[in-house]
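Asker: Structure of the sequence below:
(4 chains)
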There are 2 protein chains.
Amino acid sequence: MSEEVKFWHLRNHQLFWVLNNSQVRQLCIITNYKRAKKGEMIDFGEHESSRIYLLKRGNLKIVQVDEEGNELIVDIIQKGELFGSLNFGQDNGSYEYAQVLTDSVVLCSFNTADFERLLAEHPTLAISYTKLIGFRLKRIKNNYSNLFFKNTKERLIAFLTDWANREGRFTGNQVCIDNFLTQKEISQIICSSRQTTTQLFNEWEQQGLISYSRKEIMIKNLKELA
Amino acid sequence: MSEEVKFWHLRNHQLFWVLNNSQVRQLCIITNYKRAKKGEMIDFGEHESSRIYLLKRGNLKIVQVDEEGNELIVDIIQKGELFGSLNFGQDNGSYEYAQVLTDSVVLCSFNTADFERLLAEHPTLAISYTKLIGFRLKRIKNNYSNLFFKNTKERLIAFLTDWANREGRFTGNQVCIDNFLTQKEISQIICSSRQTTTQLFNEWEQQGLISYSRKEIMIKNLKELA
DNA sequence: TCCTAAATGCAAGTTACCCGACAATTCAAA
DNA sequence: TTTGAATTGTCGGGTAACTTGCATTTAGGA
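Answerer: Below is the predicted model of the structure:
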């Protein structure tokens, strides 16, 4: 990737708007670019080598692994979002990794120590960053409350609605989403079993409300799902 | 409260270690102190008037209310922890409030705008703050994964273990926790029904493993709960 | 093109846990 | 001390959704 392209990747990101051009040039130096293909795993790295990532293109999932080896998809990261050792590598027990969902992703990363130094030099950046993390906290809290109050069908609807609003292409009430998730993955996101999720999709399919394929999901009208 | 006491409240907090004495004195000026009694509700205040709180004494619960009015306890805040508009008041939909659990609490607070200004002046403080938020994110992610992978009994054990480690007084294997929660509240924390929680406590009580009262909870041996 | 592994479809058996109902107890205020 | 509200104790019915198990379809590499 050319230096110029690298520069614009960072320059265009909301987080770095507070920096001037020469500051962004400096930032380029500590930035590491990477391309990864579908299925590839990205390890945040614990401790010293921990990194913060910025996803430039594509989507990936954040998987949390508990002490018994259970895997849970805690978040879907999309273009422009940060992930990785957001708390600067001071980890407690549980382990997380990211896995690429789309055909390929482009991402850049910083060593947490470098990034921490950068924040120390640019307080306004530190505040923007803090707001981002705060927002993430809110998102997961919301998922948490969904899990308790909504049943599986409602959670699936909430997930589809959210996804459609984030990345869907609307034509009137109809919405079309580029699909990079299997039903199994969707079930892991909404905390349900694969079979239950499949069943819900088929019910809707029979009612002509939805059309699911590995390439795309078409929904006639989000409000009619029930 | 005397100025000197106020000073030491802030001086002793981990978050402000990076500041020197005169900086802490300045911080005192923008700080608002408050005492609140059991049951009292603390509204973070949306938008302009939003505040960040630091709990100096006691415990309180953070309750999230969704658009249908359902209430969920998303976190228990204890001495020394921050809560409130941690994401600087940029709120999305859902509403949160805090309610005092112990007989009384002492807390100090800052206007988010003031606090933001403070962070801008002290980048190292901004980093400490970010780490705190990151840690909170981790905690809720952990609860989230518990909710999916563990059954009610396991979640109750996890909660009690966590509580005991945070605030319990150990005597060998036995641990005694000052109790400020009703069984209903505990059930709301572990995302269960009141009846199921009661039943679990009674089972353990009959086995002589635990002794529950409104004042304290005694557990013979955390590892024997099963 | 074939071939294998992954993804999807379908059904019946099982169960953890919610929910309603009500009694007994505790607590705090009057 | 009384009184009423909140908390705790106990029971059983109902059910959403998990599980197990297998058949079918799809996708992607050799």
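Asker: For the closest residue to A:Gly134 other than its chain neighbours, grab the count of nearby residues.
Answerer: Excluding the flanking residues, the one nearest A:Gly134 by C-beta to C-beta, 6 or more residues apart in numbering or on different chains is B:Asn87, at 2.5 Å. In short, each C-beta sits where N, CA and C put it, glycine included. Using other C-beta atoms under 10 Å in any protein chain shown, B:Asn87 is surrounded by 21 other residues.
Asker: Is B:Asn87 in contact with A:Lys138, as I believe?
Answerer: Yes: between B:Asn87 and A:Lys138 there is a contact under C-beta atoms under 8 Å: 6.1 Å.
Asker: ok, is stretch A:156-169 in contact with chain B or not?
Answerer: No: Stretch A:156-169 does not reach chain B (C-beta under 8 Å from any C-beta of the partner chain); its nearest approach is 10.8 Å.
Asker: Please report how far A:Gln99 lies from DNA strand D.
Answerer: Between A:Gln99 and DNA strand D the computed distance is 15 Å (C-beta to the nearest atom of the strand, to the nearest Å).
Asker: Revised request: answer the last question for A:Cys176.
Answerer: A:Cys176 is 16 Å from DNA strand D, by C-beta to the nearest atom of the strand.
Asker: Now that residue: phi and psi?
Answerer: Taking degrees, to the nearest 10, you get phi -120, psi 130 for the backbone angles of A:Cys176.
Asker: Pull the contacting residues for it.
Answerer: By C-beta atoms under 8 Å, 6 or more residues apart in numbering or on different chains, the contact set of A:Cys176 is A:168-169, A:216-219.
Asker: A:Ser193 against A:Lys184, yeah?
Answerer: No: using C-beta under 8 Å, A:Ser193 is not in contact with A:Lys184; the gap is 9.5 Å.
Asker: can I assume the residue nearest to A:Gly134 sits in a strand?
Answerer: No: using DSSP: H, G, I helix; E, B strand; the rest coil, the secondary structure at B:Asn87 is coil, not a strand.
Asker: Which strand residues bridge the residue most central in space within chain A?
Answerer: Centroid-nearest residue in chain A, with C-alpha atoms, centre = their mean: A:Ile77, separated by 0.8 Å. On the basis of DSSP bridges, A:Ile77 is bridged to A:Leu60.
Asker: What pLDDT is listed against it?
Answerer: In this model, A:Ile77 is scored at 94, pLDDT.
Asker: in stretch A:87-104, what's buried?
Answerer: By neighbour count with 16 or more other C-beta atoms under 10 Å in any protein chain shown, stretch A:87-104 contains the buried residues A:87-89, A:91, A:96-102.
Asker: how far does that stretch sit from the chain's center?
Answerer: In terms of C-alpha atoms, centre = their mean, to the nearest Å, the centre of stretch A:87-104 is found 11 Å from the chain centre.
Asker: Just give me the neighbour total for the closest residue to DNA strand D within chain A.
Answerer: At 2.9 Å from DNA strand D, A:Asn151 is the closest residue in chain A, using C-beta to the nearest atom of the strand. When neighbours are defined as other C-beta under 10 Å, A:Asn151 has 8 of them.
Asker: Show the backbone phi and psi for the residue nearest to A:Gly134.
Answerer: According to degrees, to the nearest 10, B:Asn87 has phi -100, psi 30.
Asker: check contacts around it.
Answerer: Counted by C-beta under 8 Å, 6+ apart, B:Asn87 has contacts A:130-131, A:133-135, A:137-138.
Asker: 10 Å - rerun?
Answerer: A:130-138, B:50, B:52, B:112, B:133 (C-beta atoms under 10 Å, 6 or more residues apart in numbering or on different chains).
Asker: Repeat that for A:Gln195.
Answerer: Per C-beta under 10 Å, 6+ apart, neighbours of A:Gln195: A:183-184, A:187.
Asker: from the residues you listed, which is closest to chain B?
Answerer: Proximity of the contacts of A:Gln195 to chain B (C-beta to the nearest C-beta) peaks at A:Ser187, which lies at 11.0 Å.
Asker: Excluding chain neighbours, give the residue nearest to the closest one in space.
Answerer: Nearest to A:Ser187 is A:Thr197, by C-beta to C-beta, 6+ apart, at 4.0 Å.
Asker: Give me the three-state assignment for that neighbour.
Answerer: When classified by three-state DSSP, A:Thr197 comes out as helix.
Asker: Could you report the neighbour count for it?
Answerer: Neighbours of A:Thr197 using other C-beta under 10 Å come to 24.
Asker: hang on, isn't it packed against A:Trp204?
Answerer: No: proximity of A:Thr197 to A:Trp204 does not meet the contact threshold set by C-beta atoms under 10 Å, at 11.2 Å.
Asker: Confirm A:Leu107 sits in a strand?
Answerer: Yes: assessed by three-state DSSP, A:Leu107 belongs to a strand.
Asker: Which positions in chain A make contact with DNA strand C?
Answerer: By C-beta under 7 Å from any atom of the strand, the part of chain A that sits against DNA strand C consists of A:182-184, A:194-195, A:198-199, A:201-202, A:205, A:212, A:214.
Asker: now those residues as a markdown table including secondary structure?
Answerer: Formatted as a markdown table, these follow (three-state DSSP):
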| residue | secondary structure |
| --- | --- |
| A:Thr182 | coil |
| A:Gln183 | helix |
| A:Lys184 | helix |
| A:Arg194 | helix |
| A:Gln195 | helix |
| A:Thr198 | helix |
| A:Gln199 | helix |
| A:Phe201 | helix |
| A:Asn202 | helix |
| A:Glu205 | helix |
| A:Tyr212 | strand |
| A:Arg214 | coil |
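Asker: In PyMOL, how would I select the buried members of the residues you listed?
Answerer: In PyMOL, this line selects whichever of the residues of chain A next to DNA strand C come out buried by 16+ other C-beta under 10 Å:
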select buried, chain A and resi 183+201+212
